[in-house]
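Q: The sequence and its predicted three-dimensional model are supplied below.
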Amino acid sequence: MWFRSARGGIAAAGLLCLVSGPGLARDLVVGVEAIDYSPVYGMRDGQFLGAAREILDAFAAARGHRLTFQALPVKRLYAELNHGGIDLKFPDSPDWQPALRQGRNTAFSKPVINYIDGTIVRREAASEGPETVRSLGTIAGFTPFAWGERLRSGTVELKENSSFEPLLRQVQTKRIDGAYGNVAVALNTADSIPGLAGTLVFAPQLPHVADSYRLSSVKAPELIAEFDEWLGKNGKLVADIIARTGAEKGVR
């Protein structure tokens, strides 16, 4: 099952939440970002794919849950999370978008997939320092936390794009000095584009953040506890999925 109407999926999930307790099979709506962030996660041709999909499917199959993935813009995702329109959100982090959480108590899982958000530059600029970066690109709705001080001071100008491919092309053509985002996703995208493969690299000496993607819920914190229990017992399965898909490329 891939998609249903938002109204029908949410109503079904809400009804089952009333009659189900922790550990019982449930229909669950998982809110995901309406972007292609492969190989970690992403929407492609109406389907949610990537390492995150495989991990969540494995969890659901083990516990008898049925998942519907609902793709939404980033800000809309937080609104649905806050007001119970979705049961679960992936990815999430306690550090993300505090202003959009509206004081809601959010339960976060243990780390699921590790990542580095860093700066991708032209290969010939790989050794240059942060003072050479005057313009920085990122995906619309994402915040380059590591560059916060330089962005606030106006030293670096932020430019947004809807997806990684045009963002990376802007780096290659020198329209921007660097592209900030998930290193595994950026390198995977660059390697898949003729003319870009091998021309762009991650610059570890530039500001970056190492963290982990987590599963979250406002509506059903007991599901997060259930997921954590499953995660603790299936570390090898999760590690194998991550290694096979390349979801942590650049982390090690």
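A: Here it is on my side, so go on.
Q: nearest residue to Y115 other than its sequence neighbours?
A: For Y115, the nearest residue in space outside its immediate sequence neighbours is N182; the separation is 5.3 Å by CB to CB, 6 or more residues apart in numbering. Quick note: C-beta positions are derived from backbone N, CA and C, even for glycine.
Q: Please look at that neighbour and I116 and confirm they touch.
A: Yes. Taking CB atoms under 8 Å as the definition, N182 is a contact partner of I116 at 7.4 Å.
Q: If you count surrounding residues, which of these two has more?
A: The neighbour comparison of N182 against I116 (other CB atoms under 10 Å) goes to N182, with 27 against 20.
Q: where's the more buried one relative to A51, distance?
A: Counting by CB to CB, to the nearest Å, the gap from N182 to A51 is 12 Å.
Q: One more: S127?
A: As judged by CB to CB, S127 and A51 stand 31 Å apart.
Q: In terms of packing, which of those two has more residues around it?
A: More neighbours surround A51 than the other of S127 and A51, with 24 against 10 (other CB under 10 Å).
Q: Can you tell me the element the closest residue to the more buried one other than its chain neighbours falls in?
A: Taking CB to CB, 6+ apart as the measure, A51 lies nearest to A247, with 3.8 Å between them; neighbours along the chain are not counted. Following DSSP states H and E, one finds A247 outside all helices and strands.
Q: neighbours around A247, how many?
A: Neighbours of A247 under the rule other CB under 10 Å: 28.
Q: Backbone torsions only: list them for it.
A: Dihedral pair for A247: phi -70, psi -20, per degrees, to the nearest 10.
Q: Next: R63.
A: As for R63, its main-chain torsions (degrees, to the nearest 10) stand at phi -110, psi 0.
Q: Which parts of this protein are strands?
A: Across the chain, reading from the start of the chain, the strands by DSSP state E fall at 27-33, 36-37, 41-44, 47-49, 66-72, 88-92, 107-108, 113-122, 135-139, 157-161, 178-182, 200-202, 209-217.
Q: can I get those strands in JSON lines with distance to R101 and mean pLDDT?
A: Formatted as JSON lines, the entries for the strands of the chain read as follows, by distance: least, CB to CB, whole Å; pLDDT from 0 to 100:
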{"stretch": "strand 27-33", "distance to R101": "14", "mean pLDDT": "97"}
{"stretch": "strand 36-37", "distance to R101": "21", "mean pLDDT": "88"}
{"stretch": "strand 41-44", "distance to R101": "21", "mean pLDDT": "90"}
{"stretch": "strand 47-49", "distance to R101": "23", "mean pLDDT": "94"}
{"stretch": "strand 66-72", "distance to R101": "16", "mean pLDDT": "96"}
{"stretch": "strand 88-92", "distance to R101": "10", "mean pLDDT": "97"}
{"stretch": "strand 107-108", "distance to R101": "11", "mean pLDDT": "98"}
{"stretch": "strand 113-122", "distance to R101": "20", "mean pLDDT": "96"}
{"stretch": "strand 135-139", "distance to R101": "20", "mean pLDDT": "95"}
{"stretch": "strand 157-161", "distance to R101": "22", "mean pLDDT": "95"}
{"stretch": "strand 178-182", "distance to R101": "22", "mean pLDDT": "96"}
{"stretch": "strand 200-202", "distance to R101": "30", "mean pLDDT": "95"}
{"stretch": "strand 209-217", "distance to R101": "10", "mean pLDDT": "96"}
